[in-house]
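Asker: Got a sequence here, can you model it:
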Amino acid sequence: MKYVICGVKIASGNEDFFTYGVPSKLESQVKLGSCVKMPFRNKISEGIVFGFTTKPAFSTKSILEVSAFQLPPYFLEMAKWISRFYGASISQTLKTMLPFSLFIKRREISKSDQKNEQIQKPKLSLEQKKISKLIINNPSKPHLIFGVTGSGKTEIYLEVLEETIRENKQALILVPEVSLTPQIVSRFEDRFPGQAVLYHSYLRETERANAWKNISRGKKNIVVGSRSALFLPYRNLGLVVMDEEHETSYKQEQSPRYEAREVAKQLCRLTRSILILGSATPSLESFYFAEKGNYHLHTLNKRFIQDLMPEVSVVDMRNEFQFGNRSVLSLAIKEEITKVLERKRQVVLFLNRRGLSTFVICRDCGYIEKCPNCDIPLTYHLNYNSGKLYCHHCDFDKNESTRCPNCNSAAIKFFGQGTQKVERETRKFFPKARIKRMDSDSVSKNHQNIYENFKNKNFDILIGTQMIAKGWDIPGVDLVGIVSIDGTQNLPDFRATEKAFSLILQVGGRTGRGDNRGKVIIQTYNPDNDIFGYAIRHDYRSFYDKEITKRKELHYPPFSNLISLTYSHHDEQKAQQEATGLKQKLEYKLDKSQVMILGPSPAFIPKINKLYRWQLLIKIKRPLNHGKILEKVLKYTSTNWKIDINPS
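Answerer: Got it, this is the predicted structure:
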């Protein structure tokens, strides 16, 4: 009898590999990378064959069935690397990489996606041609395309992709979230009719399974997808493009908490593929590595259609009260909206909050309505003319209070601003305008329809959160109003300033993509912040120079690797004790010249869903790899610990 080493999808804890026998009737079917079904602790599980072994000294169970799916060798190496790099078990890793059953027989989807003809190729600039050629001829290192919004990065992707297809290789185009970037999908489908397949979390299980089959059998050459598309079984991968590489949505929030950029780099190493990273506001880590020569750096300083970048101005909201303006919209934004609507052009209003108000407070006693499970303020939402209070972390909700639960006062005040409040005030000031709100409360999977309607000028003003900052290309937009940005840069996060600056440039980039230059108006209560000066000048490099100096002084990435450790428990004292105990053990075991251990301290959100959370942060000086440190950490942590490598 043959014996195989398998990763099992339903294994728990830190268990990794298990030995199984192979019945003689299945021996010819079982290969490296075979998907198999086996008994596991009184249950039936699916697993992957990672290797073969001799008969062990202990008794074994036998595999029961072999799937028609077989994974390529690089896939197994990827699984082991992700498990080691992010401190996750093979079981957790396989659940992420294999999100559906490989044994259920599915009906093939008969869907014709063949277009009648390929669209005519646009004419590339000399700069775009030069960059495309350099990328094709230098596949050994990642390529970072640093190009201002609207500079034509996608055309370079398409040019390199054409060469990849000509060599009969496959390509992966990663976008932060497919449902939010519909135009990039259509551009790839138009340029390569019948060759592209979508892959993302909104697809039905049958659609995902069919995408797997088409890619593994070589029936499709191009995948446009979200981060999970990294784990398709590519037959002959030649190119990976990571558009908007700075986006935090490329980070997985469940174990393994992988960063798509790091996984893409490993995937390209294993498959010897070209990796292109693209952004108008690259992550500081990527730009640093490009400056150091770890990546090839390509720069596009001018827009492809409109030569001039949008005009950016800043409004000091502290002065609005002097003019008697109590609205969430400044006088400057209201005046500019009026002009834009008169020209029959379009407006985008952006803020980084959902709901109507940020929190509810009693003006008599100061009581704030909080979630009983998470101990954080509830957010007020208006639904069908009645209000409700919601927790965005555990989904707790309750009806709005007319009196204070603490002192019974009727002096209830709603503070802050959200998309619903901005929508309500915009409708009041512009009653004839066609207005649409787009956030995760108002839409579920209808992003494509909203995008098409806005592009076709079926409404005049779009109000939204970060959803509208990602990849939208609407030539009719003459004005972007950033209603609220202050909250983003004041979070206890070493990346907060970077995220705020990136948001300003990315959202502002939604205007000026047609014949007009476009305007961006930023509302703030802190106009002296340096990031606004950089934004007015569209000066990423000066922002980078200042921010990278701070990172170096404080030993934050890219000058270190971070391991974030969070312990959760129903008993707050127990959570604190465990965090304190772990720090003491690690201080004894780790070399203090190589690492810094910060904490323990309550997490930024100290309680979620009735669990108290305490955390430690380990800074590991580069070039020391975090792998050996992580091995020691794992020896002292249980399943109650959340491990996050380089949290975003």
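Asker: Do a quick rundown of the helices in the stretch 101-250 of the chain.
Answerer: In chain order, the stretch 101-250 of the chain shows helices spanning 126-137, 153-166, 182-191, 205-216, with DSSP state H, counting those that start in this stretch as the criterion.
Asker: by contact count, what packs against the first one?
Answerer: Based on contacts counted as 3 or more Cβ pairs under 8 Å, 6 or more residues apart in numbering; DSSP states H and E, the elements that helix 126-137 packs against are strand 143-147, helix 153-166, strand 274-279, strand 296-300. For glycine as for every other residue, the C-beta is placed from the backbone atoms N, C-alpha and C.
Asker: Return the alpha-carbon coordinates of it using CSV.
Answerer: Coordinates of each C-alpha in helix 126-137 appear next as CSV, following Å, rounded to 0.1, in the frame of the first residue of the first chain:
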residue,chain,number,x,y,z
LEU,A,126,6.3,57.1,-26.4
GLU,A,127,6.6,56.9,-22.6
GLN,A,128,4.1,54.1,-22.4
LYS,A,129,5.8,52.1,-25.2
LYS,A,130,9.2,52.5,-23.5
ILE,A,131,7.8,51.3,-20.1
SER,A,132,6.0,48.3,-21.7
LYS,A,133,9.2,47.2,-23.5
LEU,A,134,11.3,47.5,-20.3
ILE,A,135,8.8,45.4,-18.4
ILE,A,136,8.7,42.7,-21.0
ASN,A,137,12.5,42.5,-21.3
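Asker: Give me the distance from it to the chain's centre.
Answerer: Chain-centre distance of helix 126-137: 28 Å, with Cα atoms, centre = their mean, to the nearest Å.
Asker: and stretch 342-353, which residues are buried?
Answerer: Judged by neighbour count (16 or more other Cβ atoms under 10 Å), stretch 342-353 contains these buried residues: Arg345, Gln346, Val347, Val348, Leu349, Phe350, Leu351, Asn352, Arg353.
Asker: shouldn't Pro99 be in contact with Ser228?
Answerer: Yes: in this structure Pro99 lies within contact range of Ser228 using Cβ atoms under 8 Å: 6.8 Å.
Asker: When the two are compared, which one has more neighbours?
Answerer: Ranked by neighbour count (other Cβ atoms under 10 Å), Pro99 and Ser228 place Ser228 first, with 18 against 13.
Asker: So which of the helices and strands packed on helix 126-137 is nearest Ser484?
Answerer: When these are compared by Cβ to Cβ, strand 274-279 sits nearest Ser484, at 23.3 Å.
Asker: what angle sits between that closest one and strand 296-300?
Answerer: Between the direction of strand 274-279 and that of strand 296-300, the angle (axes from the mean of the first three to the mean of the last three Cα atoms, to 10 degrees) works out to 40 degrees.
Asker: continuing past the lengthiest strand in the chain, what's the next helix or strand?
Answerer: For the chain, the strand with the greatest residue count under DSSP state E is strand 595-608. If you walk from strand 595-608 toward the C-terminus, the next helix or strand you reach (DSSP states H and E) is strand 611-621.
Asker: CA atoms of that next one as PDB?
Answerer: Output in PDB follows, covering the C-alpha atoms of strand 611-621 (Å, rounded to 0.1, in the frame of the first residue of the first chain):
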ATOM      1  CA  LEU A 611     -14.700  39.700  24.200                       C
ATOM      2  CA  TYR A 612     -12.100  41.900  25.800                       C
ATOM      3  CA  ARG A 613      -8.900  42.400  23.700                       C
ATOM      4  CA  TRP A 614      -5.300  43.000  24.900                       C
ATOM      5  CA  GLN A 615      -2.400  43.300  22.500                       C
ATOM      6  CA  LEU A 616       1.400  43.200  22.000                       C
ATOM      7  CA  LEU A 617       3.400  44.600  19.100                       C
ATOM      8  CA  ILE A 618       6.700  43.100  18.200                       C
ATOM      9  CA  LYS A 619       9.000  45.200  15.900                       C
ATOM     10  CA  ILE A 620      11.700  43.100  14.200                       C
ATOM     11  CA  LYS A 621      14.600  45.100  12.700                       C
END
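Asker: Got the confidence number for the spatially most central residue of the chain?
Answerer: Among the residues of the chain, the one closest to the centroid is Ser249, at 0.7 Å (Cα atoms, centre = their mean). On pLDDT, Ser249 comes in at 90.
Asker: low pLDDT regions in the stretch 501-648 of the chain?
Answerer: Low-confidence segments of the stretch 501-648 of the chain, defined by pLDDT under 70, span residues 514.
Asker: can you give me the helices for it?
Answerer: So, for the stretch 501-648 of the chain - with DSSP H, counting those that start in this stretch - the helices run 530-537, 540-554, 572-589, 627-635.
Asker: Out of these, which is closest to Val360?
Answerer: Comparing these by their distance to Val360 (Cβ to Cβ), the top pick is helix 572-589, with 25.2 Å.
Asker: can you give me the angle the closest one makes with helix 627-635?
Answerer: Computed by the same axes, to 10 degrees, the angle between helix 572-589 and helix 627-635 is 140 degrees.
Asker: partner residues bridging the residue nearest to Lys642 when sequence neighbours are not counted?
Answerer: Distances taken as Cβ to Cβ, 6 or more residues apart in numbering place Thr566 nearest to Lys642, at 4.3 Å, with adjacent residues excluded. The partner list for Thr566 in beta bridges (DSSP bridges) reads Gln615, Lys642.
Asker: measure Thr566 to Arg495 for me?
Answerer: Noted for Thr566: a distance of 17 Å to Arg495, by Cβ to Cβ, to the nearest Å.
Asker: bridging residues for the closest residue in space to Glu27 that isn't next to it in sequence?
Answerer: Distances taken as Cβ to Cβ, 6+ apart place Lys2 nearest to Glu27, at 5.5 Å, with adjacent residues excluded. When assigned by DSSP bridges, Lys2 has beta-bridge partners Val22.
Asker: what's Lys2 in contact with, if anything?
Answerer: The contact partners of Lys2, taken as Cβ atoms under 8 Å, 6 or more residues apart in numbering, are Gly21, Val22, Glu27, Val30, Phe52.
Asker: And for the nearest residue to Arg613 once chain neighbours are set aside, the neighbour number?
Answerer: Counting by Cβ to Cβ, 6+ apart, Arg613 lies nearest to Ala603, which is 3.9 Å off, once chain neighbours are set aside. Applying other Cβ under 10 Å, we find 20 residues neighbouring Ala603.
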